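1. Give me the fold of what follows.
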Amino acid sequence: MVNKEEFRKKIIITAGQIFSRFGFRKTTMDEIAKALKMGKSSIYYYFQSKEDIFEAVVLYEANVLRNELTTAIKSVESPVGKMEKYVFVRMKAFEKLSNYYNAIFDKNLDHFDFIEKIREKYDREEIAILRLLLYDGVRKKVFTVANSEYTALAIQTTLKGLEVPLFWKKKEVNIDQRLHAILDVLFKGILIK
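-> Numbering: from 1, shown residues only. Below is the predicted model of the structure:
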């Protein structure tokens, strides 16, 4: 007997690989069915359309990212270590989770209502995580933050600003050096003290 949830997950993972290789527009249901070695009708039993599959793929990858970030943050005690882990895992995860990344940033996918909902949810969740990390640092007297909302927004904006050069122009990229430079400015500033 086939476990429906396991089979659904197999479709999502396989389709995710195809979407990341060819993009949403160029991927067909035929290609997904062929990769799964099954008929399209079997896929339509689980998903009504290619859009439904893409939405499931994006949500699956969003969950993977959330779990990776949670694990990374819990793996260290210090507020500085937590922020460093968050930044590194977040930026490196986008490389692996290309469908989620494309859904968040590809303007050609704007016509899907679920994309905008995912973008909004992602932004809210990220700001909430950053505020928690900042709060933890302030509570432990490691960070000095006048306004956690604005500081979280500033960090998020900085990270978003790095995404395009890091992942759309894959030349000369030394992600670790760039992330360390950002963290250096974040933690030490540029003013002589």
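
2. Just the residues contacting the host helix or strand of residue 14, thanks.
-> Here residue 14, judged by DSSP states H and E, is contained in helix 4-26. Helix 4-26 is touched from outside by 27, 31-32, 35-36, 43, 46-47, 50, 53-54, 56-57, 60-61, 98-99, 102, 106, 108-109, with contacts defined as CB atoms under 8 Å, 6 or more residues apart in numbering. Backbone N, C-alpha and C define where each C-beta goes, glycine included.

3. secondary structure class for residue 72?
-> helix (DSSP: H, G, I helix; E, B strand; the rest coil).

4. show me what contacts it?
-> 85-86, 88-89.

5. re the thing from before, give me the buried entries from the contacts of helix 4-26.
-> In those, burial by neighbour count holds for 27, 31-32, 36, 43, 46-47, 50, 53-54, 56-57, 60-61, 98-99, 102, 109, counting by 16 or more other CB atoms under 10 Å.

6. ok so, going back, following the chain past the helix holding residue 14, name the next helix or strand.
-> With DSSP H and E, the next secondary element past helix 4-26 is helix 29-36.

7. And the next helix or strand past that next one?
-> helix 40-46.

8. Tell me the helices and strands packed up against that following helix.
-> Packing partners of helix 40-46 (3 or more CB pairs under 8 Å, 6 or more residues apart in numbering; DSSP states H and E): helix 4-26, helix 29-36.

9. next SSE after the longest helix belonging to the chain?
-> Criterion DSSP state H: the longest helix present in the chain is helix 113-139. Past helix 113-139, further along toward the C-terminus, the next helix or strand under DSSP H and E is helix 148-167.

10. This completes my enquiry, with thanks.
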